[in-house]
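**Student:** sharing a model prediction with you, sequence too.
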Number of protein chains: 2
Amino acid sequence: MRRPTIADIARRAGVSQAAVSFALNGRPGVSAATRDRILAAADALGWQPNTAARSLSAAAAGAVGLAVARPARTLGVEPFFMQLISGIQAELSERGYALLLDLVEDVHAEASVHRRWWAERRVDGVLLVDLRTGDPRPEVLREIGMPAVLAGGPDPTGAVPGVWVDDARAMTAVVEHLHGLGHERLAHVSGPPVMEHSAHRAEAFGAAAGPEAARAATDFSDAEGAVATRGLLRRRPRPTAIVYDNDVMAVAGLSAARQAGLSVPGDLSVVAWEDSALCRLTHPTLTALTRDAFRFGAAAAARLLDLVRHGPGGGAVGDTEFELPELVVRESTAPPRPNGG
Amino acid sequence: MRRPTIADIARRAGVSQAAVSFALNGRPGVSAATRDRILAAADALGWQPNTAARSLSAAAAGAVGLAVARPARTLGVEPFFMQLISGIQAELSERGYALLLDLVEDVHAEASVHRRWWAERRVDGVLLVDLRTGDPRPEVLREIGMPAVLAGGPDPTGAVPGVWVDDARAMTAVVEHLHGLGHERLAHVSGPPVMEHSAHRAEAFGAAAGPEAARAATDFSDAEGAVATRGLLRRRPRPTAIVYDNDVMAVAGLSAARQAGLSVPGDLSVVAWEDSALCRLTHPTLTALTRDAFRFGAAAAARLLDLVRHGPGGGAVGDTEFELPELVVRESTAPPRPNGG
DNA sequence: ACGGGTTTATGAACCGGTTCAGCGACTTCC
DNA sequence: GGAAGTCGCTGAACCGGTTCATAAACCCGT
């Protein structure tokens, strides 16, 4: 059976199509009585707006996009993303927007997806994650003029407003926790320095733990996390605590330490940057920095919709700070052994 | 600057809009020379079709939907989903389709998302995962007539074609592996019996391992996986091998066994149904049943696009079987100790 | 009773593509 | 040489909404 259109509603309610449109969109121009009659007719017919038609005249897609440039392998293991997407989703569907998802190879592919989406009018804006140094995306977005919000900003070029977390302050809190336990030789296993947020954390770690503190950079994978851990544990004097930039590497580091004959937290304390079920599955359970990825996603989505609906002028301007992550202390952090090196 | 439309191309090439449309879509009705001229003009202007306009006249959205009814918590930890989505994506974007994602509470919410998407003409079809017993979705889809494919079928009601994996045969292979090692007392920790695929596996386990083999049902979470493990290990005689329905529970079971003073694989062999980085992060590494979730997703997407483009009549009919999962033997399975009674 | 303002409703244009009937011009065939 | 068919292209309708100029109906005060 053919899907009902506003013409069907108009016929049924005995009014013009224009009146139906006004009534359905809550605009002035129809009396209360007529409005009710129209709404009743629409309801009786089970009418739903045709997105294509609406998009065509409104010049708005009613959807936002998220293109992610990370290997699916990594994405899958980190619960963070799904939580983030879930939060984005919640905010969008509440306001009647849909989410377009694309998983691509790299940021250049992501930029061309953005271009295509915008040219095809598939989306009204996009969310960005994982800003890199020299990232082509902000420039492309400014060039084509598409609304965008960076989840995990701020964007140093200032082209894209961000919803961001103060990683530096969080890192300071982590280091203070370890200092408070009596640790003096800390180490940091970071992600790729090309990732802005990873670089920020590494920098903050250096500032808080001292320039002599050991660091190692990885690609966020469990494999490189293990390699980095083995490297750090060979140092003399040996670090007594390691901070990992994600949960996957922390778990891998745990295994590496055990294989090196070290006990956690007896010989080595471990902190994971992102919390997840993973951190509670291990033995010992991992002390972790937890943030509400769901609400983070929701906040970023809300900011984007603001931008989409009110333009760069209206609503909030510039970057929005999100609440500080909280350190959940579990079994993997303890005071260092007195004889510990 | 205004985005170019076919009218702009027509003007530039000195032809009618209709000719432009024919040329751009590779239809007959224009000479080769004219076609070239039009394509050159389109290229020069950087034209891209407006999705809304195209959808409106073609009565097709150029997108497919995936609504997932699982708590985000669970979703995040299982790499399977991201791999699946990634595979779906790859297939779709190759054919110019977009993916709409929605994360919802339960299958009823999912069914209403399907209704809305279809009514709004947002998608041309949907993919289904996690079929439940008495699932409302196939019936709703048949009612509204929307193309759909079940990833993980087959659908027992026959309303929705499926791309499926022969879980029963895979389970038999797992049991044979354990029997081959000398295990005689096997146990199975399954997901919720209300999940069709989980029920199938449990059934196949019973058939292969014998009716006296121990089973426990869970909600797929690490918590219930640990509880089920403790319960099974209290039995006398104790099982010497446990098969877990996902990787998360297998890891949790590993911890539970260790806490109960048992060594793996010395006292207990462990097999995980789904493979992931998780299985390689633990100590010992986990023997796991691995399937190519990426290609599985791609296969399901391809099947759906077939349905969308050629209708239920054309192309493949009914269910499509996907290749059998492969058992990757790692450290967690070994012959039982002779005294292990 | 009448001018001016407001409320309510309509017809028609418009968004950007697709599609189809129709019309010259050109080829083919007898 | 003329009928029939094919090719290349155009004009206009159409998809299903939104929007705006305009008009009819109504209200008010004088």
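**Tutor:** Nice, I can see it. Numbering: from 1, shown residues only, chains lettered A, B, ... in the order given.

**Student:** pLDDT weak spots in the stretch 1-150 of chain A?
**Tutor:** A:1, A:72-77 (pLDDT under 70).

**Student:** near DNA strand C, which residues of it are found?
**Tutor:** Neighbours of DNA strand C within the stretch 1-150 of chain A, by C-beta under 7 Å from any atom of the strand: A:14-19, A:22, A:28-35, A:53, A:56-57, A:59. For the C-beta atoms, the positions are set from N, CA and C on the backbone; glycine is no exception.

**Student:** quick one, helices of the stretch 201-341 of chain A?
**Tutor:** Assignment of helices within the stretch 201-341 of chain A using DSSP state H, counting those that start in this stretch yields the ranges A:222-234, A:247-259, A:277-281, A:293-310.

**Student:** can you say which of those helices is packed in most?
**Tutor:** Greatest average neighbour count among the helices of the stretch 201-341 of chain A goes to helix A:247-259 (a mean of 25), per mean count of other C-beta atoms under 10 Å in any protein chain shown.

**Student:** is any part of it close to chain B?
**Tutor:** Yes: using C-beta under 8 Å from any C-beta of the partner chain, we find that helix A:247-259 touches chain B at A:248, A:251-252, A:255, A:258-259.

**Student:** quick check, nearest of those residues to A:P136?
**Tutor:** Set against A:P136, the nearest of these by C-beta to C-beta is A:V248 (27.2 Å).

**Student:** ok, now which ones touch the closest one?
**Tutor:** A:74, A:77-78, A:220-222, A:225, A:278, B:277, B:281 (C-beta atoms under 8 Å, 6 or more residues apart in numbering or on different chains).

**Student:** A:D130 contacts A:S198, correct?
**Tutor:** No: in this structure A:D130 lies outside contact range of A:S198 using C-beta atoms under 8 Å: 9.2 Å.

**Student:** for A:A168, give its distance to chain B.
**Tutor:** 26 Å (C-beta to the nearest C-beta, to the nearest Å).

**Student:** hmm, A:A204 and that residue touching each other?
**Tutor:** Yes: between A:A168 and A:A204 there is a contact at 3.8 Å, judged by C-beta under 8 Å.

**Student:** which of these two has more neighbours?
**Tutor:** The residue with more neighbours, out of A:A168 and A:A204, is A:A204; 20 against 15, by other C-beta atoms under 10 Å in any protein chain shown.

**Student:** could I get the contacting residues of the more buried one?
**Tutor:** Taking C-beta under 8 Å, 6+ apart as the contact definition, A:A204 lies against A:167-169, A:171-172.

**Student:** likewise for A:S21?
**Tutor:** By C-beta under 8 Å, 6+ apart, A:S21 lies in contact with A:6, A:27.

**Student:** doesn't it belong to a strand?
**Tutor:** No: with DSSP: H, G, I helix; E, B strand; the rest coil as the criterion, A:S21 is helix rather than part of a strand.

**Student:** returning to that earlier point: DNA strand C is nearest to which of the helices of the stretch 201-341 of chain A?
**Tutor:** Among those, the nearest to DNA strand C by C-beta to the nearest atom of the strand is helix A:293-310 (17.9 Å).

**Student:** how far out from the middle of the chain is the closest one?
**Tutor:** On the basis of C-alpha atoms, centre = their mean, to the nearest Å, helix A:293-310 sits 11 Å off its chain's mean C-alpha point.

**Student:** how many other residues sit next to A:D43?
**Tutor:** Using other C-beta under 10 Å, A:D43 is surrounded by 10 other residues.

**Student:** which helix or strand contains it?
**Tutor:** helix A:32-45 (DSSP states H and E).

**Student:** that helix and chain B in contact?
**Tutor:** No: Helix A:32-45 stays clear of chain B (C-beta under 8 Å from any C-beta), getting no nearer than 11.0 Å.

**Student:** is there a quick PyMOL command that grabs whichever of the contacts of A:A204 are buried?
**Tutor:** What follows is the PyMOL syntax for the buried subset of the contacts of A:A204, where burial is set by 16 or more other C-beta atoms under 10 Å in any protein chain shown:
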select buried, chain A and resi 167+171+172
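
**Student:** and of the contacts of A:A204, the nearest to DNA strand C?
**Tutor:** A:D167 (42.3 Å).

**Student:** among the contacts of A:A204, which are in helices?
**Tutor:** A:167-169, A:171-172 (DSSP state H).

**Student:** and the stretch 1-150 of chain A, which of its residues are near chain B?
**Tutor:** Residues of the stretch 1-150 of chain A lying close to chain B by C-beta under 8 Å from any C-beta are A:3, A:46, A:48-53, A:55-56, A:61, A:63, A:72-73, A:75-83, A:85-86, A:89-90, A:93, A:98-103, A:116, A:119-122.

**Student:** chain A - how does it break down into domains?
**Tutor:** A:6-49, A:63-165+A:293-323, A:167-290 (automatic domain parsing).

**Student:** and the ones you listed: which comes nearest DNA strand D?
**Tutor:** If we rank the domains of chain A by C-beta to the nearest atom of the strand, the stretch that ends up nearest is domain A:6-49, at 3.3 Å.

**Student:** closest residue of chain A to DNA strand C?
**Tutor:** Closest point on chain A to DNA strand C, by C-beta to the nearest atom of the strand, is A:A18, at 3.0 Å.
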